[in-house]
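Provided below for reference: sequence and predicted model.
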Amino acid sequence: MKTAIVVSGGDAPGINAAIDCYARLAARKGDQVVGALGGFVGLLNGRLAAIDLRSLQTLVGRGGSILPSSRSPVLQESDARVRLQAVVARHRIDNLLLFGGDGTIRFAGPLLEAWGIPHLVLPTTIDNDVPGTDYTLGHDSACNFAIQAVEGIRATATALPGRIFMLETLGAPTGHLALAIAYASGAHLALLPEYPLELDWLASRLKRIVAQEGYALVLLSEAYPQIDRLVAEIPERAGIRIRYSALGHAQRGADASQRDRVVARDMSRVAYCAFKAGAQGGLVVSRAGAVLLHPGRLPGGDKPPPDRDLYEFVNQL
C-alpha cells in the first residue's frame, strides 16, 4: 500500500506527530508513504517526497507541518480530476491521507469521492469548529498557548491594577476557541461573534469588575464584530484604559500538547487500519472521547454555536 499525505489549508499543532505515527506504522508493515509539497497544488504537479523519519523525529512535537500546505482551490479547476488521476496512477498511489479543516472536509472530500480516489481526512484546525466531531487536532495546543499568555497578562494586571485587559484569540469565523480559553482561564468575560453584546452594557459591566477585582480580563474572538470600535469606545464609556493584546498566528504554531500528540497518533492509527481494511472515503473523528472512523461525508451545515450555557456562566449572565 502506498499513501500520499496532503496538508490542506491552515496548519495546526499535532500534524507532525500524526505524520510521524502514520509513516512509522506503514514502514513497520512494509507500506510506503510520500508527502505532497504544497498541498493539493503540489499533489497535482506531482511534487511528492518520501517522509524522512529521522528528520521528522526531531520535529514531532513542533507546531506547523513538515509538509508545506496551500489554500489554493486547485481542485476546482477544469482539468483537476484528470491531472490528479494521472499523478495517482503514475506514482502508484493507493490512497490519500488529508489534513484539513472545514474547507477541506466540505469541498475536497466530496470531489475525491466523486472521482473515485480513496481518501480519509483527519479534522485539523485549532478552531474546533468542524461539525460531526467533538474535537479537531490542534485545539488543545492553541488553548494552552493562550492560557500561558493569560497568566502573563494577569501578572501585570495585579501588579498594575485599574485597567481592562483584552486578549484576542484566533478562531474565525466562530467563537469556539475563545470560549474554551475563557472558561479554562477564568476570564471575566468572553466576547463571541455568535452572541454580540451592547457597548453600554459591556462598559458598565467592565467598570464594575475593575472596581471589585482591580482589573478586568476579557477574552474575545478575532471574529467579534467591530473590534476597533469596541477598543476605541469602551475606555470613553467606562472611563478606564484598555490594554489590548492579539495572539495572532503564533497561537496556531504552538508546540503540540500531550493531548494533541495522543489524538494525532490515535487518528493516524485509525486511518491506517481503515485503509488496510479497504476504506474508500471518510473521516477520522472524535466522539464521546473515542477516536473512530466515520465512513462517507459528515453532516452538512455548520457546527452548532458555542455552548450557550457555558457562555452565560463565564459572563455571569
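Here it is on my side, so go on. Numbering: from 1, shown residues only.

Please count neighbours and contacts with C-alpha atoms only from this point.
OK.

any chance you could map the helices in the stretch 101-250 of the chain?
Under the criterion DSSP state H, counting those that start in this stretch, helices of the stretch 101-250 of the chain are mapped to 102-103, 109-114, 139-159, 176-185, 199-213, 227-238.

mean pLDDT for those: which is lowest?
Note on the helices of the stretch 101-250 of the chain: helix 102-103 shows the lowest mean pLDDT, a mean of 88.

Pull out the buried residues from stretch 223-236.
223, 224, 225, 234, 235 (16 or more other CA atoms under 10 Å).

One more: stretch 133-150?
133-147, 149-150.

In JSON lines: the helices of the stretch 101-250 of the chain, plus distance to residue 9.
Shown next, in JSON lines, are these (distance: least, CA to CA, whole Å):
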{"stretch": "helix 102-103", "distance to residue 9": "8"}
{"stretch": "helix 109-114", "distance to residue 9": "13"}
{"stretch": "helix 139-159", "distance to residue 9": "15"}
{"stretch": "helix 176-185", "distance to residue 9": "18"}
{"stretch": "helix 199-213", "distance to residue 9": "35"}
{"stretch": "helix 227-238", "distance to residue 9": "25"}
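
For residue 267, find the nearest of the ones you listed.
helix 139-159 (14.4 Å; CA to CA).

what's that closest one packed up against?
Applying 3 or more CA pairs under 8 Å, 6 or more residues apart in numbering; DSSP states H and E, one finds that helix 139-159 contacts strand 163-169, helix 176-185, strand 215-221, helix 258-276.

Now do it against helix 199-213, angle only.
60 degrees (axes from the mean of the first three to the mean of the last three CA atoms, to 10 degrees).

Please save the CA atoms from stretch 285-298 in PDB.
C-alpha atoms of stretch 285-298 as PDB (Å, rounded to 0.1, in the frame of the first residue of the first chain):
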ATOM      1  CA  VAL A 285     -13.500  11.800  14.200                       C
ATOM      2  CA  SER A 286     -13.600  12.200  17.900                       C
ATOM      3  CA  ARG A 287     -16.900  11.400  19.600                       C
ATOM      4  CA  ALA A 288     -17.700  10.800  23.300                       C
ATOM      5  CA  GLY A 289     -13.900  10.500  24.000                       C
ATOM      6  CA  ALA A 290     -13.300   7.900  21.300                       C
ATOM      7  CA  VAL A 291     -11.400   8.300  18.000                       C
ATOM      8  CA  LEU A 292     -13.200   6.400  15.300                       C
ATOM      9  CA  LEU A 293     -13.800   6.100  11.600                       C
ATOM     10  CA  HIS A 294     -16.800   8.000  10.100                       C
ATOM     11  CA  PRO A 295     -17.300   6.500   6.600                       C
ATOM     12  CA  GLY A 296     -18.600   8.900   3.900                       C
ATOM     13  CA  ARG A 297     -19.400  12.500   4.500                       C
ATOM     14  CA  LEU A 298     -20.100  14.400   7.700                       C
END
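
Residue 195 - how many residues pack around it?
15 (other CA atoms under 10 Å).

go on, residue 220?
For residue 220, using other CA under 10 Å, the count is 26.

Contacts only, for the spatially closest residue to it that is not a sequence neighbour.
Spatial nearest neighbour of residue 220, excluding adjacent residues (CA to CA, 6 or more residues apart in numbering): residue 191 at 4.5 Å. Residue 191 sits next to 175, 178, 179, 197, 218, 219, 220, 221, 224 when contact means CA atoms under 8 Å, 6 or more residues apart in numbering.

wait, which of those is closest to residue 240?
Nearest member of those to residue 240, counting by CA to CA, is residue 218, at 13.7 Å.

What separation do you get for that closest one and residue 211?
From residue 218 over to residue 211 the distance is 15 Å, taken as CA to CA, to the nearest Å.

With neighbour numbers in mind, choose between the two.
Counted by other CA under 10 Å, residue 218 and residue 211 do not tie: residue 218 has more neighbours, with 21 against 14.

hang on, that one packs against residue 186?
No - contact between residue 218 and residue 186 fails when scored by CA atoms under 8 Å: they sit 9.8 Å apart.

distance of the residue positioned nearest the centre of the chain from residue 64?
Among the residues of the chain, the one closest to the centroid is residue 125, at 1.6 Å (CA atoms, centre = their mean). Between residue 125 and residue 64 the distance is 11 Å, computed by CA to CA.

Surely residue 3 is within a strand?
Yes - counting by DSSP: H, G, I helix; E, B strand; the rest coil, residue 3 falls inside a strand.
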